[in-house]
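Trainee: Got a predicted structure here, sequence first:
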Amino acid sequence: MSEVRVRGVRAGYGGNQVLHDVDLTVRAGTTTAVLGGSGSGKTTLLRVISGFLRPTTGSVSIGGRVVADEHTLVPPERRGIGYVRQDGGLFPHLTVAGNIAFGLPRPAIGRRDRHHRERIAELLELVELPPEVAGRRPDQLSGGQQQRVALARALAPHPDLVLLDEPFSSLDTALRAATREATARALRAAGATAVLVTHDQGEALSFADEVAILRQGRFRQVAAPRAVYGEPVDAHVATFLGDAIYVHGLASRDQFRCALGNLQTAGFVTRGAVEALLRPEQLQIVPPGTGSVDARVRSVTFFGHDSVADLELVSGVPVNGLRARTVGLRLPEVGDVVGINVVGPVRVFPSS
Ligand SMILES: Nc1ncnc2c1ncn2[C@@H]1O[C@H](COP(=O)(O)OP(=O)(O)OP(=O)(O)O)[C@@H](O)[C@H]1O
């Protein structure tokens, strides 16, 4: 598997430039999730990498081979790319084995059957499907199984790169998680270099080695999942990646003084009046009088795996969207006064 390099790429449609000087490196054998809202340019980037759209400037190389620049345009079928689409794109009239075999190189007549059978069995095992599905047609499989077959077909010819275009978005919640995990395991086992395009934050954070946040055709941050979530470069990235609470206060050295008490800061801090980002899971509910401040519970929403308590400070100082995410079944009641502590450092941005 091969490293992918996108350098200074501009691309678009007619006069409408969609990608603006995009740089991206996906190291060999790793997965990068390109995460962005609708219209941010995710599909356009995949088209540029796969060869369906020529960049107006910049270059794309796969495994050290330039596949697109001002002099070169290698056609899609000669880029060594496996593609998994949102709907799987399986051939409905072929069996699972037929679909997977479609991606295999043609060996000499006579050797074909045995060689293909072995490789198909290997690929089914890789994507965690039982051997007996080989003879079924796609309409006899669940959506999650179809996506696994699509992945097996994409991996069949040992591609240099696998592109996954929102491959789990049509699946329901339970199937989605299981298919995503199986796909991640299969890509790792195959040592694949992969780019996943998604607008689902949880999916990007849980699936990829690196997350690349695309906004209006520009990468805002490319980093490991924990870094983009815990150390977002700006308030937009922070809010885009998950629930965020913003508190105004005063920063000095590694401290941030605000209505929630004296909080520890992470990373570089501008001194003076700033805004801090907190995640609801950083707010810990403790008995009243034992935390850094007291708050009253305005509402509690139970989600099963966790709950969110909306809070207002007893001091009356307004903090927009103050809420705590808690696990377990012992929940505070509406109207209760509770203590709150902030766990871990907060990220500070200049006040907007
Ligand atoms: N074939 C096309 N011709 C003209 N404009 C296009 C074409 N395809 C996309 N666009 C425009 O380019 C911009 C980026 O589209 P793109 O499909 O890359 O976004 P996306 O991030 O994949 O969005 P989504 O998540 O909604 O699929 C949008 O403004 C879109 O309208």
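Mentor: Everything's here; your move.
Trainee: what residues are up against the residue in the stretch 151-300 of the chain positioned nearest to the ligand?
Mentor: In the stretch 151-300 of the chain, no residue comes nearer to the ligand than His199, which is 5.2 Å away by CB to the nearest ligand atom. In this view, the C-beta of every residue, glycine as well, is placed from N, C-alpha and C. Contacts here follow CB atoms under 8 Å, 6 or more residues apart in numbering; on that basis His199 touches 35-38, 42, 166.
Trainee: Next: Asp243.
Mentor: Asp243 sits next to 279-280, 323, 325 when contact means CB under 8 Å, 6+ apart.
Trainee: One more: Ala154?
Mentor: With contact set as CB under 8 Å, 6+ apart, Ala154 has these partners: 82-84, 103, 162.
Trainee: just the residues you listed now: which is nearest Ala68?
Mentor: Tyr83 (16.4 Å; CB to CB).
Trainee: where along the chain do the helices fall?
Mentor: For the chain, the helices defined by DSSP state H occupy 42-50, 96-102, 112-126, 143-155, 173-189, 201-207, 225-230, 235-241.
Trainee: Point out the most buried one among these.
Mentor: By mean neighbour count, with neighbours taken as mean count of other CB atoms under 10 Å, helix 143-155 ranks first of the helices of the chain at a mean of 25.
Trainee: what inclination does that helix have with respect to helix 173-189?
Mentor: Angle of helix 143-155 versus helix 173-189, following axes from the mean of the first three to the mean of the last three CA atoms, to 10 degrees, is 20 degrees.
Trainee: Restrict helix 143-155 to CA atoms and write it as CSV.
Mentor: Extracted in CSV, the C-alpha atoms of helix 143-155 (Å, rounded to 0.1, in the frame of the first residue of the first chain):
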residue,chain,number,x,y,z
GLY,A,143,-27.3,-3.7,3.8
GLY,A,144,-24.3,-4.2,6.1
GLN,A,145,-23.3,-7.5,4.4
GLN,A,146,-23.6,-5.8,1.0
GLN,A,147,-21.1,-3.1,2.1
ARG,A,148,-18.7,-5.8,3.3
VAL,A,149,-18.9,-7.4,-0.1
ALA,A,150,-18.3,-4.1,-1.7
LEU,A,151,-15.2,-3.7,0.4
ALA,A,152,-14.0,-7.2,-0.4
ARG,A,153,-14.4,-6.4,-4.2
ALA,A,154,-12.5,-3.2,-3.7
LEU,A,155,-9.6,-5.0,-1.9
